[in-house]
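1. The sequence isn't on hand, but the structure is:
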DNA sequence: AGTCATTTATGACTCGCGGTCAGAATCTTG
DNA sequence: CAAGATTCTGACCGCGAGTCATAAATGACT
(Lines give C-alpha, C1' and ligand atoms only; values in the text may rest on other atoms or scores of the structure.)
Protein backbone atom coordinates (compact mmCIF):
# COMPACT_ATOMS: atom_id res chain seq x y z
CA UNK A 1 0.00 0.00 0.00
CA UNK A 2 1.41 3.38 -1.00
CA UNK A 3 1.73 6.19 1.44
CA UNK A 4 -1.06 8.10 -0.23
CA UNK A 5 -3.42 5.19 0.13
CA UNK A 6 -2.54 4.70 3.78
CA UNK A 7 -3.20 8.37 4.40
CA UNK A 8 -6.59 8.07 2.77
CA UNK A 9 -7.45 5.03 4.77
CA UNK A 10 -6.64 6.74 8.03
CA UNK A 11 -8.56 9.77 6.92
CA UNK A 12 -11.54 7.60 6.14
CA UNK A 13 -11.33 5.93 9.52
CA UNK A 14 -11.35 9.31 11.23
CA UNK A 15 -14.42 10.30 9.27
CA UNK A 16 -16.16 7.12 10.26
CA UNK A 17 -15.27 7.62 13.88
CA UNK A 18 -16.78 11.08 13.79
CA UNK A 19 -19.86 9.86 11.99
CA UNK A 20 -20.39 7.04 14.43
CA UNK A 21 -20.10 9.39 17.38
CA UNK A 22 -22.39 11.92 15.75
CA UNK A 23 -24.94 9.31 14.83
CA UNK A 24 -25.29 8.13 18.34
CA UNK A 25 -25.71 11.63 19.68
CA UNK A 26 -28.05 12.89 17.00
CA UNK A 27 -30.36 9.94 17.17
CA UNK A 28 -30.35 10.16 20.92
CA UNK A 29 -30.85 13.87 21.47
CA UNK A 30 -32.00 15.35 18.18
CA UNK A 31 -30.12 17.68 15.91
CA UNK A 32 -30.49 20.90 17.83
CA UNK A 33 -29.43 19.45 21.13
CA UNK A 34 -26.11 18.14 19.97
CA UNK A 35 -23.08 20.41 19.94
CA UNK A 36 -20.10 19.95 17.69
CA UNK A 37 -18.00 20.01 20.82
CA UNK A 38 -19.87 16.98 22.15
CA UNK A 39 -19.36 15.10 18.91
CA UNK A 40 -15.65 15.85 19.07
CA UNK A 41 -15.48 14.68 22.65
CA UNK A 42 -17.24 11.43 21.88
CA UNK A 43 -14.85 10.83 19.00
CA UNK A 44 -11.84 11.64 21.22
CA UNK A 45 -10.81 14.46 19.02
CA UNK A 46 -10.79 18.23 19.19
CA UNK A 47 -13.50 20.46 17.85
CA UNK A 48 -11.22 21.91 15.20
CA UNK A 49 -10.40 18.46 13.91
CA UNK A 50 -14.05 17.82 13.18
CA UNK A 51 -13.95 20.73 10.79
CA UNK A 52 -11.01 19.17 9.01
CA UNK A 53 -13.38 16.48 7.82
CA UNK A 54 -16.74 18.18 7.53
CA UNK A 55 -17.71 21.63 6.49
CA UNK A 56 -20.40 22.09 9.07
CA UNK A 57 -22.63 20.41 11.58
CA UNK A 58 -25.31 20.29 8.91
CA UNK A 59 -23.01 18.38 6.66
CA UNK A 60 -22.35 15.74 9.24
CA UNK A 61 -26.02 15.24 9.66
CA UNK A 62 -26.54 15.08 5.96
CA UNK A 63 -23.98 12.34 5.61
CA UNK A 64 -25.88 10.24 8.08
CA UNK A 65 -29.08 11.11 6.31
CA UNK A 66 -27.72 10.06 2.99
CA UNK A 67 -26.65 6.68 4.17
CA UNK A 68 -30.12 6.14 5.62
CA UNK A 69 -31.83 7.26 2.45
CA UNK A 70 -29.59 4.95 0.48
CA UNK A 71 -30.39 2.07 2.74
CA UNK A 72 -34.05 2.73 2.20
CA UNK A 73 -33.54 3.02 -1.50
CA UNK A 74 -32.37 -0.56 -1.62
CA UNK A 75 -35.49 -1.68 0.15
CA UNK A 76 -37.67 0.19 -2.32
CA UNK A 77 -35.80 -1.26 -5.21
CA UNK A 78 -36.45 -4.73 -3.94
CA UNK A 79 -40.13 -3.96 -3.56
CA UNK A 80 -40.34 -2.67 -7.11
CA UNK A 81 -38.59 -5.76 -8.39
CA UNK A 82 -41.09 -8.08 -6.78
CA UNK A 83 -43.40 -7.20 -9.65
CA UNK A 84 -46.59 -7.37 -7.69
CA UNK A 85 -49.61 -5.42 -8.78
CA UNK A 86 -48.69 -1.75 -8.87
CA UNK A 87 -51.11 -0.71 -6.17
CA UNK A 88 -49.79 -3.43 -3.92
CA UNK A 89 -46.21 -2.28 -4.42
CA UNK A 90 -47.15 1.33 -3.74
CA UNK A 91 -48.82 0.24 -0.55
CA UNK A 92 -45.71 -1.62 0.45
CA UNK A 93 -43.47 1.31 -0.25
CA UNK A 94 -45.66 3.60 1.79
CA UNK A 95 -45.57 1.20 4.69
CA UNK A 96 -41.83 0.81 4.44
CA UNK A 97 -41.60 4.58 4.78
CA UNK A 98 -43.60 4.47 7.90
CA UNK A 99 -41.32 1.88 9.46
CA UNK A 100 -38.35 3.87 8.39
CA UNK A 101 -39.52 7.01 10.11
CA UNK A 102 -40.99 5.32 13.15
CA UNK A 103 -37.51 4.04 13.70
CA UNK A 104 -36.08 7.50 13.54
CA UNK A 105 -38.56 10.35 13.66
CA UNK A 106 -35.77 12.90 13.75
CA UNK A 107 -34.90 11.84 10.26
CA UNK A 108 -38.34 12.70 9.03
CA UNK A 109 -38.09 16.08 10.65
CA UNK A 110 -34.84 16.80 8.92
CA UNK A 111 -36.02 15.61 5.52
CA UNK A 112 -39.16 17.68 5.86
CA UNK A 113 -37.14 20.63 6.93
CA UNK A 114 -34.96 20.15 3.91
CA UNK A 115 -38.01 20.14 1.70
CA UNK A 116 -39.36 23.30 3.29
CA UNK A 117 -36.16 25.28 3.14
CA UNK A 118 -35.12 26.06 -0.37
CA UNK A 119 -31.91 27.68 0.79
CA UNK A 120 -31.25 24.24 2.19
CA UNK A 121 -28.65 23.55 4.73
CA UNK A 122 -25.10 24.71 4.77
CA UNK A 123 -23.75 21.98 2.52
CA UNK A 124 -21.11 21.60 -0.08
CA UNK A 125 -22.49 21.65 -3.58
CA UNK A 126 -21.72 17.98 -3.84
CA UNK A 127 -23.62 16.92 -0.73
CA UNK A 128 -26.58 18.99 -1.70
CA UNK A 129 -26.75 17.37 -5.10
CA UNK A 130 -26.36 13.89 -3.66
CA UNK A 131 -29.17 14.37 -1.22
CA UNK A 132 -31.53 15.73 -3.84
CA UNK A 133 -30.69 12.87 -6.16
CA UNK A 134 -31.18 10.25 -3.48
CA UNK A 135 -34.55 11.62 -2.44
CA UNK A 136 -35.70 11.91 -6.02
CA UNK A 137 -34.75 8.36 -6.77
CA UNK A 138 -37.17 7.29 -4.11
CA UNK A 139 -39.95 9.45 -5.43
CA UNK A 140 -39.36 8.18 -8.92
CA UNK A 141 -40.01 4.64 -7.83
CA UNK A 142 -43.64 5.65 -7.55
CA UNK A 143 -43.73 7.00 -11.10
CA UNK A 144 -42.23 3.77 -12.23
CA UNK A 145 -44.90 1.77 -10.49
CA UNK A 146 -47.71 3.87 -11.87
CA UNK A 147 -46.33 3.35 -15.34
CA UNK A 148 -46.10 -0.35 -14.75
CA UNK A 149 -49.70 -0.26 -13.55
CA UNK A 150 -50.78 1.44 -16.76
CA UNK A 151 -48.89 -1.13 -18.81
CA UNK A 152 -50.62 -3.90 -16.92
CA UNK A 153 -54.02 -2.34 -17.44
CA UNK A 154 -54.42 -1.78 -13.74
CA UNK A 155 -54.73 1.97 -14.22
CA UNK A 156 -56.52 3.55 -17.15
CA UNK A 157 -54.73 5.72 -19.64
CA UNK A 158 -54.09 8.41 -20.27
CA UNK A 159 -53.35 9.62 -16.78
CA UNK A 160 -50.82 12.19 -15.76
CA UNK A 161 -48.18 10.12 -14.05
CA UNK A 162 -46.37 13.05 -12.46
CA UNK A 163 -49.55 14.34 -10.97
CA UNK A 164 -50.42 11.10 -9.36
CA UNK A 165 -46.92 10.50 -8.19
CA UNK A 166 -47.00 13.88 -6.46
CA UNK A 167 -50.39 13.29 -4.95
CA UNK A 168 -49.40 9.91 -3.58
CA UNK A 169 -46.11 11.19 -2.32
CA UNK A 170 -47.82 14.18 -0.76
CA UNK A 171 -50.39 11.99 0.91
CA UNK A 172 -47.78 9.70 2.37
CA UNK A 173 -45.73 12.53 3.79
CA UNK A 174 -48.72 14.50 4.95
CA UNK A 175 -50.19 11.60 6.86
CA UNK A 176 -46.90 10.70 8.43
CA UNK A 177 -46.29 14.31 9.44
CA UNK A 178 -49.73 14.49 10.96
CA UNK A 179 -49.24 11.45 13.17
CA UNK A 180 -45.57 10.99 13.82
CA UNK A 181 -45.29 13.31 16.77
CA UNK A 182 -48.72 13.22 18.32
CA UNK A 183 -50.79 10.87 20.40
CA UNK A 184 -49.58 8.00 22.57
CA UNK A 185 -46.28 6.76 21.25
CA UNK A 186 -47.07 3.07 21.36
CA UNK A 187 -50.10 3.53 19.13
CA UNK A 188 -48.52 5.76 16.53
CA UNK A 189 -47.38 2.89 14.40
CA UNK A 190 -50.78 1.32 13.96
CA UNK A 191 -52.48 4.68 13.59
CA UNK A 192 -50.22 5.77 10.79
CA UNK A 193 -50.33 2.41 9.06
CA UNK A 194 -54.09 2.19 9.20
CA UNK A 195 -54.70 5.70 8.05
CA UNK A 196 -52.19 5.49 5.28
CA UNK A 197 -53.43 2.15 4.00
CA UNK A 198 -56.97 3.34 3.93
CA UNK A 199 -56.02 6.59 2.26
CA UNK A 200 -54.04 4.87 -0.47
CA UNK A 201 -56.69 2.27 -0.91
CA UNK A 202 -59.40 4.75 -1.55
CA UNK A 203 -57.21 6.91 -3.71
CA UNK A 204 -56.04 4.06 -5.88
CA UNK A 205 -59.55 2.75 -6.21
CA UNK A 206 -60.63 6.20 -7.39
CA UNK A 207 -57.72 6.25 -9.78
CA UNK A 208 -58.67 2.96 -11.35
CA UNK A 209 -62.11 4.24 -12.19
CA UNK A 210 -60.78 7.46 -13.64
CA UNK A 211 -62.42 8.37 -16.94
CA UNK A 212 -63.81 4.93 -17.54
CA UNK B 1 -61.02 57.18 31.11
CA UNK B 2 -59.34 55.99 34.29
CA UNK B 3 -55.60 55.91 34.65
CA UNK B 4 -55.56 52.16 34.57
CA UNK B 5 -57.42 52.06 31.32
CA UNK B 6 -55.17 54.65 29.73
CA UNK B 7 -52.17 52.59 30.77
CA UNK B 8 -53.64 49.52 29.21
CA UNK B 9 -54.39 51.35 26.04
CA UNK B 10 -50.84 52.59 25.73
CA UNK B 11 -49.55 49.17 26.52
CA UNK B 12 -51.71 47.69 23.83
CA UNK B 13 -50.50 50.28 21.35
CA UNK B 14 -46.89 49.38 22.10
CA UNK B 15 -47.68 45.74 21.52
CA UNK B 16 -49.29 46.54 18.24
CA UNK B 17 -46.34 48.66 17.18
CA UNK B 18 -44.01 45.80 17.92
CA UNK B 19 -46.21 43.31 16.13
CA UNK B 20 -46.49 45.51 13.07
CA UNK B 21 -42.74 45.96 12.90
CA UNK B 22 -42.15 42.27 13.42
CA UNK B 23 -44.71 41.32 10.85
CA UNK B 24 -43.08 43.36 8.17
CA UNK B 25 -39.67 41.93 8.92
CA UNK B 26 -40.71 38.32 9.32
CA UNK B 27 -42.73 38.23 6.18
CA UNK B 28 -39.92 39.93 4.32
CA UNK B 29 -36.93 37.97 5.51
CA UNK B 30 -38.23 34.82 7.18
CA UNK B 31 -38.14 33.91 10.83
CA UNK B 32 -34.52 32.94 11.17
CA UNK B 33 -33.19 36.01 9.45
CA UNK B 34 -34.87 38.52 11.71
CA UNK B 35 -33.21 39.52 14.95
CA UNK B 36 -35.03 40.81 17.97
CA UNK B 37 -32.73 43.80 17.80
CA UNK B 38 -34.00 44.62 14.32
CA UNK B 39 -37.60 44.37 15.43
CA UNK B 40 -36.86 46.73 18.28
CA UNK B 41 -35.16 49.17 15.96
CA UNK B 42 -38.06 49.15 13.52
CA UNK B 43 -40.45 49.79 16.38
CA UNK B 44 -38.25 52.63 17.70
CA UNK B 45 -37.79 50.91 20.96
CA UNK B 46 -35.01 49.12 22.77
CA UNK B 47 -34.43 45.43 22.68
CA UNK B 48 -35.19 45.09 26.37
CA UNK B 49 -38.56 46.78 25.92
CA UNK B 50 -39.60 44.11 23.46
CA UNK B 51 -39.24 41.57 26.23
CA UNK B 52 -41.54 43.64 28.42
CA UNK B 53 -44.32 42.69 26.06
CA UNK B 54 -43.40 39.29 24.76
CA UNK B 55 -41.73 36.34 26.35
CA UNK B 56 -39.63 35.41 23.36
CA UNK B 57 -39.08 35.85 19.67
CA UNK B 58 -41.12 32.70 19.14
CA UNK B 59 -44.00 34.21 20.94
CA UNK B 60 -44.03 37.28 18.75
CA UNK B 61 -44.17 35.08 15.73
CA UNK B 62 -46.91 33.00 17.23
CA UNK B 63 -49.03 36.06 17.83
CA UNK B 64 -48.83 36.94 14.18
CA UNK B 65 -49.53 33.36 13.29
CA UNK B 66 -52.59 33.26 15.47
CA UNK B 67 -54.14 36.30 13.93
CA UNK B 68 -53.58 34.80 10.50
CA UNK B 69 -55.05 31.48 11.50
CA UNK B 70 -58.03 33.27 12.97
CA UNK B 71 -58.51 35.24 9.81
CA UNK B 72 -58.49 32.04 7.86
CA UNK B 73 -60.86 30.43 10.28
CA UNK B 74 -63.49 33.01 9.41
CA UNK B 75 -63.10 32.20 5.76
CA UNK B 76 -63.52 28.51 6.43
CA UNK B 77 -66.55 29.14 8.54
CA UNK B 78 -68.17 31.05 5.73
CA UNK B 79 -67.41 28.23 3.31
CA UNK B 80 -68.98 25.68 5.63
CA UNK B 81 -72.03 27.86 6.01
CA UNK B 82 -72.62 28.03 2.30
CA UNK B 83 -74.03 24.52 2.57
CA UNK B 84 -72.85 23.30 -0.75
CA UNK B 85 -72.26 19.64 -1.34
CA UNK B 86 -69.69 18.42 1.12
CA UNK B 87 -67.11 17.49 -1.46
CA UNK B 88 -67.45 20.90 -3.03
CA UNK B 89 -66.89 22.62 0.30
CA UNK B 90 -63.88 20.48 1.05
CA UNK B 91 -62.45 21.40 -2.28
CA UNK B 92 -63.01 25.06 -1.54
CA UNK B 93 -61.38 24.82 1.83
CA UNK B 94 -58.36 23.13 0.35
CA UNK B 95 -58.03 25.81 -2.27
CA UNK B 96 -58.41 28.56 0.29
CA UNK B 97 -55.50 27.00 2.13
CA UNK B 98 -53.42 27.15 -0.94
CA UNK B 99 -54.12 30.85 -1.42
CA UNK B 100 -53.39 31.43 2.20
CA UNK B 101 -49.98 29.87 2.03
CA UNK B 102 -49.07 31.15 -1.40
CA UNK B 103 -49.52 34.54 0.12
CA UNK B 104 -47.16 33.74 2.91
CA UNK B 105 -45.08 30.60 2.49
CA UNK B 106 -43.16 31.37 5.66
CA UNK B 107 -46.35 30.81 7.56
CA UNK B 108 -46.66 27.33 6.19
CA UNK B 109 -43.11 26.60 7.20
CA UNK B 110 -43.76 27.70 10.72
CA UNK B 111 -47.01 25.79 11.07
CA UNK B 112 -45.36 22.69 9.72
CA UNK B 113 -42.48 23.20 12.03
CA UNK B 114 -44.90 23.50 14.88
CA UNK B 115 -46.50 20.26 13.87
CA UNK B 116 -43.16 18.48 13.68
CA UNK B 117 -41.79 19.71 16.97
CA UNK B 118 -43.68 18.33 19.90
CA UNK B 119 -41.65 20.37 22.36
CA UNK B 120 -43.13 23.24 20.45
CA UNK B 121 -41.80 26.70 20.58
CA UNK B 122 -40.88 28.70 23.59
CA UNK B 123 -44.36 29.94 24.38
CA UNK B 124 -46.41 30.79 27.38
CA UNK B 125 -48.84 28.06 28.27
CA UNK B 126 -51.64 30.32 27.11
CA UNK B 127 -50.25 30.98 23.66
CA UNK B 128 -49.53 27.34 23.13
CA UNK B 129 -53.05 26.37 23.97
CA UNK B 130 -54.51 29.08 21.78
CA UNK B 131 -52.49 28.01 18.79
CA UNK B 132 -53.41 24.36 19.17
CA UNK B 133 -57.06 25.26 19.54
CA UNK B 134 -57.05 27.52 16.52
CA UNK B 135 -55.40 24.95 14.31
CA UNK B 136 -57.73 22.22 15.49
CA UNK B 137 -60.77 24.32 14.78
CA UNK B 138 -59.70 24.43 11.19
CA UNK B 139 -59.14 20.72 10.98
CA UNK B 140 -62.48 20.06 12.57
CA UNK B 141 -64.25 21.90 9.81
CA UNK B 142 -63.39 18.95 7.62
CA UNK B 143 -64.92 16.48 10.04
CA UNK B 144 -67.99 18.58 10.11
CA UNK B 145 -68.25 18.55 6.36
CA UNK B 146 -67.75 14.82 6.13
CA UNK B 147 -70.53 14.35 8.64
CA UNK B 148 -72.77 16.66 6.68
CA UNK B 149 -71.92 14.64 3.59
CA UNK B 150 -72.97 11.46 5.32
CA UNK B 151 -76.21 13.10 6.45
CA UNK B 152 -76.90 14.15 2.91
CA UNK B 153 -76.22 10.68 1.55
CA UNK B 154 -73.21 11.94 -0.37
CA UNK B 155 -70.90 9.61 1.52
CA UNK B 156 -71.86 6.10 2.55
CA UNK B 157 -72.04 5.09 6.16
CA UNK B 158 -70.52 3.89 8.25
CA UNK B 159 -67.20 5.52 7.57
CA UNK B 160 -64.60 6.54 10.07
CA UNK B 161 -64.83 10.30 10.00
CA UNK B 162 -61.57 10.91 11.87
CA UNK B 163 -59.69 8.72 9.52
CA UNK B 164 -60.89 10.52 6.48
CA UNK B 165 -60.42 13.88 8.04
CA UNK B 166 -56.81 12.98 8.74
CA UNK B 167 -56.25 11.60 5.30
CA UNK B 168 -57.67 14.66 3.61
CA UNK B 169 -55.80 16.99 5.90
CA UNK B 170 -52.63 15.05 5.36
CA UNK B 171 -53.06 15.12 1.63
CA UNK B 172 -53.62 18.85 1.56
CA UNK B 173 -50.57 19.58 3.65
CA UNK B 174 -48.41 17.04 1.93
CA UNK B 175 -49.17 18.37 -1.51
CA UNK B 176 -48.65 21.95 -0.46
CA UNK B 177 -45.35 21.06 1.20
CA UNK B 178 -44.23 19.27 -1.90
CA UNK B 179 -44.82 22.21 -4.19
CA UNK B 180 -44.64 25.39 -2.18
CA UNK B 181 -40.91 25.88 -2.38
CA UNK B 182 -39.96 24.24 -5.62
CA UNK B 183 -40.21 24.96 -9.30
CA UNK B 184 -40.71 28.33 -10.99
CA UNK B 185 -42.46 30.63 -8.59
CA UNK B 186 -45.02 31.97 -11.01
CA UNK B 187 -46.31 28.50 -11.75
CA UNK B 188 -46.52 27.22 -8.21
CA UNK B 189 -50.04 28.46 -7.72
CA UNK B 190 -51.52 26.58 -10.64
CA UNK B 191 -49.43 23.51 -10.01
CA UNK B 192 -50.58 23.20 -6.44
CA UNK B 193 -54.18 23.95 -7.26
CA UNK B 194 -54.33 21.45 -10.08
CA UNK B 195 -52.62 18.68 -8.19
CA UNK B 196 -54.68 19.22 -5.10
CA UNK B 197 -57.98 19.39 -6.93
CA UNK B 198 -57.25 16.24 -8.80
CA UNK B 199 -56.09 14.47 -5.68
CA UNK B 200 -59.19 15.40 -3.72
CA UNK B 201 -61.41 14.59 -6.62
CA UNK B 202 -60.13 11.10 -6.97
CA UNK B 203 -60.05 10.54 -3.25
CA UNK B 204 -63.59 11.73 -2.70
CA UNK B 205 -64.82 9.71 -5.62
CA UNK B 206 -63.22 6.64 -4.10
CA UNK B 207 -64.78 7.51 -0.78
CA UNK B 208 -68.26 7.72 -2.23
CA UNK B 209 -67.98 4.20 -3.57
CA UNK B 210 -66.68 2.83 -0.33
CA UNK B 211 -68.35 -0.42 0.69
CA UNK B 212 -71.22 -0.06 -1.66
C1' DA C 1 19.90 10.08 13.29
C1' DG C 2 18.86 14.70 12.24
C1' DT C 3 16.64 18.28 9.46
C1' DC C 4 12.84 20.30 7.44
C1' DA C 5 8.48 20.62 4.77
C1' DT C 6 3.90 19.21 4.98
C1' DT C 7 -0.05 17.47 6.99
C1' DT C 8 -3.02 17.18 10.96
C1' DA C 9 -4.57 18.51 15.56
C1' DT C 10 -5.61 21.79 19.21
C1' DG C 11 -8.40 24.94 21.92
C1' DA C 12 -8.65 29.82 22.71
C1' DC C 13 -11.03 33.11 20.19
C1' DT C 14 -14.49 35.62 17.38
C1' DC C 15 -19.08 36.36 16.03
C1' DG C 16 -23.97 36.53 16.18
C1' DC C 17 -27.97 36.34 18.62
C1' DG C 18 -31.57 35.42 22.19
C1' DG C 19 -32.39 36.79 26.48
C1' DT C 20 -31.39 39.47 31.24
C1' DC C 21 -30.73 43.04 34.47
C1' DA C 22 -28.87 47.10 37.04
C1' DG C 23 -29.64 51.48 36.78
C1' DA C 24 -31.65 55.70 34.25
C1' DA C 25 -35.73 58.02 32.70
C1' DT C 26 -40.49 58.92 33.05
C1' DC C 27 -44.77 58.98 34.98
C1' DT C 28 -48.20 59.06 39.15
C1' DT C 29 -49.67 60.52 43.39
C1' DG C 30 -49.93 63.19 47.62
C1' DC D 1 -41.76 68.97 44.32
C1' DA D 2 -40.56 64.59 46.57
C1' DA D 3 -41.14 59.70 46.76
C1' DG D 4 -42.59 55.74 44.92
C1' DA D 5 -43.99 53.01 41.00
C1' DT D 6 -43.50 51.93 36.25
C1' DT D 7 -41.18 51.66 31.94
C1' DC D 8 -37.15 51.86 29.24
C1' DT D 9 -32.31 51.28 27.98
C1' DG D 10 -28.24 49.10 26.25
C1' DA D 11 -24.31 46.87 28.21
C1' DC D 12 -23.83 42.35 29.37
C1' DC D 13 -24.27 37.10 29.70
C1' DG D 14 -24.40 32.50 27.87
C1' DC D 15 -24.13 29.58 24.30
C1' DG D 16 -22.73 27.34 20.34
C1' DA D 17 -21.00 27.36 15.40
C1' DG D 18 -17.11 28.08 13.04
C1' DT D 19 -11.93 30.05 12.59
C1' DC D 20 -7.15 30.42 13.09
C1' DA D 21 -2.51 30.97 15.08
C1' DT D 22 0.27 27.76 16.96
C1' DA D 23 1.88 23.15 18.08
C1' DA D 24 2.53 18.28 17.27
C1' DA D 25 3.14 14.47 14.24
C1' DT D 26 4.64 12.45 10.03
C1' DG D 27 7.76 11.07 6.64
C1' DA D 28 11.03 12.28 2.73
C1' DC D 29 15.66 13.26 2.08
C1' DT D 30 20.52 13.57 3.38
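-> Arrived safely. In this text, all values refer to a predicted model and were calculated from it rather than measured experimentally.
2. For residue A:59, give its distance to residue A:127.
-> Counting by C-beta to C-beta, to the nearest Å, the gap between residue A:59 and residue A:127 amounts to 6 Å. For the C-beta atoms, the positions are set from N, CA and C on the backbone; glycine is no exception.
3. oh sorry, the question was meant for residue A:113
-> In this structure, residue A:113 and residue A:127 are separated by 15 Å, where distance is defined by C-beta to C-beta.
4. try residue A:89
-> Residue A:89 sits at a distance of 30 Å from residue A:127 (criterion: C-beta to C-beta).
5. Please apply the same query to residue A:175.
-> 29 Å.
6. ok, the two, which is more surrounded?
-> When residue A:175 and residue A:127 are compared for neighbours, residue A:175 comes out ahead with 30 against 21, by other C-beta atoms under 10 Å in any protein chain shown.
7. Show me the helices in chain A, by range?
-> For chain A, helices defined by DSSP state H occupy the ranges A:3-29, A:36-42, A:47-53, A:57-81, A:86-103, A:105-116, A:125-151, A:161-179, A:185-208.
8. Of those helices, flag the one that's most buried.
-> Among the helices of chain A, ranked by average contacts under mean count of other C-beta atoms under 10 Å in any protein chain shown, first place goes to helix A:161-179 (a mean of 23).
9. just checking, what packs against that one?
-> Packed against helix A:161-179, as judged by 3 or more C-beta pairs under 8 Å, 6 or more residues apart in numbering or on different chains; DSSP states H and E, are the following elements: helix A:86-103, helix A:105-116, helix A:125-151, helix A:185-208, helix B:105-116, helix B:161-179, helix B:185-208.
10. Let me have the ones you listed in JSON lines, adding distance to residue A:38 as columns.
-> Written out in JSON lines, the entries for the helices and strands packed on helix A:161-179 read as follows (distance: least, C-beta to C-beta, whole Å):
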{"stretch": "helix A:86-103", "distance to residue A:38": "23"}
{"stretch": "helix A:105-116", "distance to residue A:38": "16"}
{"stretch": "helix A:125-151", "distance to residue A:38": "22"}
{"stretch": "helix A:185-208", "distance to residue A:38": "26"}
{"stretch": "helix B:105-116", "distance to residue A:38": "23"}
{"stretch": "helix B:161-179", "distance to residue A:38": "31"}
{"stretch": "helix B:185-208", "distance to residue A:38": "40"}
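11. Compare those helices and give me the one nearest DNA strand C.
-> When the helices and strands packed on helix A:161-179 are compared for distance to DNA strand C using C-beta to the nearest atom of the strand, the nearest one is helix B:105-116, at 14.1 Å.
12. tell me the pLDDT at the residue minimising distance to the centre of chain A?
-> Note on chain A: the residue nearest the mean C-alpha position is residue A:69, at 4.4 Å, using C-alpha atoms, centre = their mean. In the prediction, the pLDDT value recorded for residue A:69 is 90.
13. gap between the two ends of stretch A:146-158?
-> 11 Å (C-alpha to C-alpha, to the nearest Å).
14. hmm, that stretch touching chain B?
-> No: no part of stretch A:146-158 sits near chain B under the criterion C-beta under 8 Å from any C-beta of the partner chain; the closest distance found is 11.1 Å.
15. Would you mind pulling the contact partners of that stretch?
-> Identification of contacts with stretch A:146-158 by C-beta atoms under 8 Å, 6 or more residues apart in numbering or on different chains yields A:85-87, A:90, A:159, A:161, A:164-165, A:207-212.
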